[in-house]
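Undergrad: Okay, predicted coordinates and the sequence, questions at the end:
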Amino acid sequence: MILDTLENIGKYASLNPLFPKVVEYLQNTDLMNHEPGRVNIDGNKLFVNHNVAKGKTVDQARMETHNAMIDIQIPLSCAEVMGYTPRQYLPNAEYDAAKDITFYLERPEQYITVHPGEFVIFFPEDGHAPCISPIPEYKKLIFKVKA
């Protein structure tokens, strides 16, 4: 997991061959005024979901992991709390290959707050429970990047 400010996102471009396209998209897109929905940047290898997320309580947020994709999550309109547990500490659970997701019943080991102007990268080895917020609906981006 990586948590940093958007002004530093370019420093991570070398971690994945698709990350430079994420940086370019962020630099050239009016993020706050973009319509909700999916934007394909490089087919199914790289896309972004402009979401209107529904705020959840700690009890409602579910731990998840992905095998094929990396998440880059960016809250836009308010801070968002996200749970985190390294995947190695999570039990085996059923993987949905069609949706590239495994859900867990376990609670996160720790929580981080991600503010507008910051981003978090969750790799396949990172269990995460996103969308914890008292705000009923808020804007956020979720980039899906082929791992």
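TA: Sure, I can see it. Remember, it's a predicted structure, so these values are computed and weren't measured experimentally.
Undergrad: tell me how far stretch 138-145 is from the chain's mean position?
TA: When C-alpha coordinates are averaged (CA atoms, centre = their mean, to the nearest Å), stretch 138-145 and its chain have centres 6 Å apart.
Undergrad: all strands of this structure, in order?
TA: For the chain, the strands defined by DSSP state E occupy 2-5, 37-42, 46-54, 63-65, 69-75, 80-86, 95-96, 101-104, 110-114, 118-122, 126-132, 137-146.
Undergrad: Let's have those in TSV, adding distance to Glu24.
TA: C-beta here means a position set from N, CA and C on the backbone, and glycine is covered the same way. Compiled in TSV, the strands of the chain are given as follows (distance: least, CB to CB, whole Å):
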stretch	distance to Glu24
strand 2-5	18
strand 37-42	9
strand 46-54	11
strand 63-65	27
strand 69-75	13
strand 80-86	24
strand 95-96	31
strand 101-104	27
strand 110-114	22
strand 118-122	15
strand 126-132	24
strand 137-146	12
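Undergrad: Quick one: those as CSV, columns for distance to Asn28 and mean neighbour count too.
TA: Output for the strands of the chain, formatted as CSV (distance: least, CB to CB, whole Å; neighbours: other CB atoms under 10 Å):
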stretch, distance to Asn28, mean neighbour count
strand 2-5, 19, 13
strand 37-42, 11, 12
strand 46-54, 12, 19
strand 63-65, 30, 22
strand 69-75, 15, 22
strand 80-86, 24, 20
strand 95-96, 33, 12
strand 101-104, 29, 17
strand 110-114, 22, 14
strand 118-122, 16, 21
strand 126-132, 25, 22
strand 137-146, 14, 20
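Undergrad: With just CA atoms, put stretch 93-101 into PDB.
TA: In PDB, the C-alpha atoms belonging to stretch 93-101 read as follows (Å, rounded to 0.1, in the frame of the first residue of the first chain):
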ATOM      1  CA  ALA A  93     -11.800 -16.900   0.800                       C
ATOM      2  CA  GLU A  94     -13.700 -17.400  -2.400                       C
ATOM      3  CA  TYR A  95     -12.400 -15.500  -5.400                       C
ATOM      4  CA  ASP A  96     -14.800 -14.100  -8.000                       C
ATOM      5  CA  ALA A  97     -12.600 -14.200 -11.100                       C
ATOM      6  CA  ALA A  98     -15.200 -12.400 -13.300                       C
ATOM      7  CA  LYS A  99     -15.200  -9.400 -10.900                       C
ATOM      8  CA  ASP A 100     -11.600  -9.800  -9.800                       C
ATOM      9  CA  ILE A 101     -12.500  -9.600  -6.100                       C
END
